[in-house]
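[1] Sequence first, predicted coordinates after that:
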Amino acid sequence: MSSTWMSSTWIRTSTVAITAFAAVAAVGIGATAFDPYAAGSQDAGRCPQLYVSPDGDDRGNGTQKRPWASLDQARDHIQDLGLNHERKMRCDIVVNLAEGDYPVDETIEFTEKDSGTNGHQVIYRSADGPGKANLVGAEPVTGWEPYQDGIYKASVDLDAPFYTLFVDGDRATTARHPNRTSEDTHAPYLFSRLIEPEKEGVRDQIGYNPGEWDETADLGSYTSWPAQVTIWSGGSWSWFTDTVPIKNADIKDTDNKIILDHWTRYAMINSRSGSRYFLQNSLDFLDQAGEYYLDHEAGELYYKPAAGSMDGVTVMRPTVTTLVDVKGDSPEDRAHDITFDGLGVQYSDFVGWYRAGWISAGDSGEPHKYPEYDRQIEMPRNRFGAVTLENTSNITLTGMHIRDTGFMGVYALFANDHLTVENSLLENIGADGIKVEGGWPGEGDLTHAHTFRNLSIDHVGELVPGDASGIELMGTGDNLVEHVNVKHSARYGISLESRPEVVDGEQYTDNNTFRYIRIDQAGLDSGDMGAFYTYGVDNQEPHPVQNTVDQMVIGDVIPDPAGAMPDSGTRGVHMDAGGCGFAFSNVEVGRTTDQSYQSYDCNEVTNGNWEDDFDATRMQYDQIGVTADFPYPVD
């Protein structure tokens, strides 16, 4: 069956339209088909209630007595019987998932055909409470045997490689040099050195000092599974991190350089410093408990347990990069009116090469009104999250527990409106907790009117520290962000971004409201930043107020000293490169290494604690952060 979504629905003043479905063939209707609307059914005329259980069977009929085993089967049943057809849907359809784990070895996909109609929702809910029904994008690794030096190994089926690993619910560290000082930090680092005076701008070679690492280590040079460099490219600029495969290492006394397979975002050296980096993904680096190495070609996984034994240790290897994908056919034909209520979403994969955006304007190879935006937007190969949305309207994620992801937690790409994420816990996220990324500026206001409410977002940027943010909004406006806790980020807590070259009105970042926000432990590994950060939002005078921030508390923004971060300081609020047109009220900032508040003279501030007349009695501390009815325990 197909649907038609009126083109007017995706402009900023849209309302959700009714989807017109074609007649539905009676596909799959037979002895086991369950249609609660059908004449003669004991449930005829009632709101459909369908059931899924880890102990179910997809040959069942989706009743409480004969539940299915998979969410996919429930989705297909609704579509096959046309339960969400506009001529049939008279109330919400509820799919009840019983408590337990649901393995996901292929992404669960929803399209415009799975939408609610007539103003009703198709709801997939954890029937036994928030987080109890858990979608698991990983499978256990078993059969461990001792290898050497306290290291164990196991055979793994490698139809596809994987780029992160989870042990007893925590992310393991890819074997690396130098070793981490703690599981909460990326430090310490090596520093790149200048290879030759004329090579200061080089982006595919890292100079090193002899003896900094074991030059006999196997880097997998010129193989399909090489070692990697994770680097804050740009010398003293601690702005973005690249993870890049190593082509080879030239260890001659006169060279001492590592040659990379791809260019990094910035050059390795600037006048103030070399770039911080570490090496990873070699068995020769596996010398610390908690580290792992995958021998992809041999199909063997190596891990060094802290207890000296694998007894009782659970190791999970990811099977997918995205667990749930909601994608309409086009911006004019969107998936809509689908709710995910209380589901757990756990474990997803990363990639073998990551860089934030293209290096230069126009590098995407596509003509755009503002080609500079190439440098901001994720490259196509990296456009995914554990939950990914594109071409959607009125999608709701409520009571969710999203954790242990390889990349984004929730990623809303291009055309989406009225996305709601609320009452949810996101933790141990590879990149951003929530990222909304519109299209190129000046080419259509594709994403807007989202609500992010009552959220706890803890430990973000575990694999991509350089662009980490609890919530990152790009090219999107009319959004409400309220009652949010963000804790433990290498870089930002919350950010709103476009490009400073963009003419006002074509960056689509206006009319955003941020209130009752708490940010703690941001800027742990970066500089020249703010826990609350904007970039290129309002670029021309007279800078009318178009975004507001009220009732925000930012704790200490202090980098980990072991990281030896060489950049300029950390800030509470940083309005960067055209970050104008904001009204701030009732904002308190803890310790920083630079200013509490840095801005051009183009924003309004009322009652900020960096001002002499700050009045703490105007702070509504009891309302800042998640509310008392937040469904998960938080610190």
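    Received the coordinates, thanks.
[2] Residue 174 is in contact with residue 291, isn't it?
    Yes: under the criterion of Cβ atoms under 8 Å, residue 174 makes contact with residue 291 at 7.1 Å. C-beta: built from backbone N, CA, C; applies to glycine.
[3] Who has more neighbours out of the two?
    Neighbours per residue, other Cβ atoms under 10 Å: of residue 174 and residue 291, the larger number sits with residue 174, 24 against 21.
[4] Find the nearest non-adjacent residue to that one, please.
    Of all residues not flanking residue 174 in the chain, residue 280 sits nearest, at 4.5 Å (Cβ to Cβ, 6 or more residues apart in numbering).
[5] what's the neighbour count on the one you found?
    19.
[6] mind listing what it touches?
    By Cβ atoms under 8 Å, 6 or more residues apart in numbering, the residues touching residue 280 are 174-177, 227-230.
[7] could you redo the last one with a cut-off of 6 Å?
    Residues near residue 280 by Cβ atoms under 6 Å, 6 or more residues apart in numbering: 174, 176, 228.
[8] Dig out what it forms beta bridges with.
    residue 176, residue 228 (DSSP bridges).
[9] Can you tell me how far it is from residue 428?
    According to Cβ to Cβ, to the nearest Å, residue 280 and residue 428 sit 19 Å apart.
[10] just residue 238 next, same as before
    On the measure of Cβ to Cβ, residue 238 and residue 428 end up 22 Å apart.
[11] Residue 235 now?
    For residue 235, the distance to residue 428 equals 30 Å [Cβ to Cβ].
[12] So which of the two has more stuff around it?
    Per other Cβ under 10 Å, whichever of residue 235 and residue 428 has more neighbours is residue 235, with 23 against 20.
[13] State whether residue 403 and residue 429 are indeed in contact, as I suppose.
    No: between residue 403 and residue 429 there is no contact under Cβ atoms under 6 Å: 7.6 Å.
[14] Which of these two has more residues huddled nearby?
    In terms of neighbours (other Cβ under 10 Å), residue 429 is the more surrounded of residue 403 and residue 429; the figures are 32 against 23.
[15] Let me know whether that one touches residue 406 as I believe.
    No: Residue 429 is beyond contact range of residue 406, at 9.1 Å (criterion: Cβ under 6 Å).
[16] which residues of the stretch 251-400 of the chain fall in strands?
    Per DSSP state E, counting those that start in this stretch, the stretch 251-400 of the chain carries strands over the ranges 257-260, 276-280, 291-295, 300-303, 315-318, 324-327, 335-341, 344-346, 385-398.
[17] Tell me the one of the contacts of residue 280 nearest residue 149?
    Of all the contacts of residue 280, residue 149 sits closest to residue 176, with 16.3 Å by Cβ to Cβ.
[18] Okay, strands next: where are they in the stretch 401-550 of the chain?
    Counting by DSSP E, counting those that start in this stretch, one finds strands in the stretch 401-550 of the chain at the ranges 401-403, 408-417, 420-427, 434-437, 447-448, 451-460, 471-474, 480-489, 494-497, 512-520, 529-535, 547-554.
[19] Adjacent strands (with direction) for the fourth one?
    Strand 434-437 has the following strand partners under DSSP bridges: strand 408-417 (parallel), strand 471-474 (parallel).
[20] any chance of those strands in JSON lines, with mean pLDDT, mean neighbour count and distance to residue 595 too?
    Below are these laid out as JSON lines (pLDDT from 0 to 100; neighbours: other Cβ atoms under 10 Å; distance: least, Cβ to Cβ, whole Å):
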{"stretch": "strand 408-417", "mean pLDDT": "98", "mean neighbour count": "27", "distance to residue 595": "30"}
{"stretch": "strand 471-474", "mean pLDDT": "98", "mean neighbour count": "27", "distance to residue 595": "22"}
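[21] Dump these to a markdown table, plus distance to residue 344.
    Listed next are those as a markdown table, based on distance: least, Cβ to Cβ, whole Å:
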| stretch | distance to residue 344 |
| --- | --- |
| strand 408-417 | 12 |
| strand 471-474 | 20 |
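[22] Figure out which of the ones you listed is closest to residue 82.
    Here strand 408-417 is closest among the strands paired with strand 434-437 (Cβ to Cβ), at 25.9 Å.
[23] Taking strand 451-460 as reference, get the angle to the closest one.
    Put simply, strand 408-417 runs at 160 degrees to strand 451-460, going by axes from the mean of the first three to the mean of the last three Cα atoms, to 10 degrees.
[24] For strand 408-417, output the C-alpha coordinates as PDB.
    Output of strand 408-417 as PDB, limited to C-alpha atoms (Å, rounded to 0.1, in the frame of the first residue of the first chain):
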ATOM      1  CA  MET A 408      24.700   8.900  17.600                       C
ATOM      2  CA  GLY A 409      21.900   8.000  20.000                       C
ATOM      3  CA  VAL A 410      19.100   9.600  18.000                       C
ATOM      4  CA  TYR A 411      19.900  11.100  14.600                       C
ATOM      5  CA  ALA A 412      17.300  13.200  12.800                       C
ATOM      6  CA  LEU A 413      18.600  13.800   9.300                       C
ATOM      7  CA  PHE A 414      17.300  16.400   6.800                       C
ATOM      8  CA  ALA A 415      13.500  16.400   6.500                       C
ATOM      9  CA  ASN A 416      11.800  15.900   9.900                       C
ATOM     10  CA  ASP A 417       9.300  18.000  11.800                       C
END
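[25] what comes into contact with it?
    Contacts with strand 408-417, where a contact means Cβ under 6 Å, 6+ apart, come from 10, 331, 383, 385-393, 402, 419, 421, 426, 429, 431-437, 439, 446-449.
[26] now the helices for this protein?
    Taking DSSP state H, the helices of the chain run over residues 71-80.
[27] so where's it uncertain?
    For the chain, the stretches with pLDDT under 70 are 1-33, 38-45, 253.
[28] quick revisit: can you lay out the strands of the stretch 251-400 of the chain as a markdown table showing distance to residue 102?
    Below are the strands of the stretch 251-400 of the chain laid out as a markdown table (distance: least, Cβ to Cβ, whole Å):
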| stretch | distance to residue 102 |
| --- | --- |
| strand 257-260 | 39 |
| strand 276-280 | 32 |
| strand 291-295 | 25 |
| strand 300-303 | 24 |
| strand 315-318 | 14 |
| strand 324-327 | 11 |
| strand 335-341 | 13 |
| strand 344-346 | 9 |
| strand 385-398 | 14 |
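[29] how close does the nearest residue to residue 331 once chain neighbours are set aside sit to residue 506?
    Leaving aside its sequence neighbours, residue 331 sits nearest to residue 415 (Cβ to Cβ, 6+ apart; 3.8 Å). From residue 415 across to residue 506, the span is 17 Å (Cβ to Cβ).
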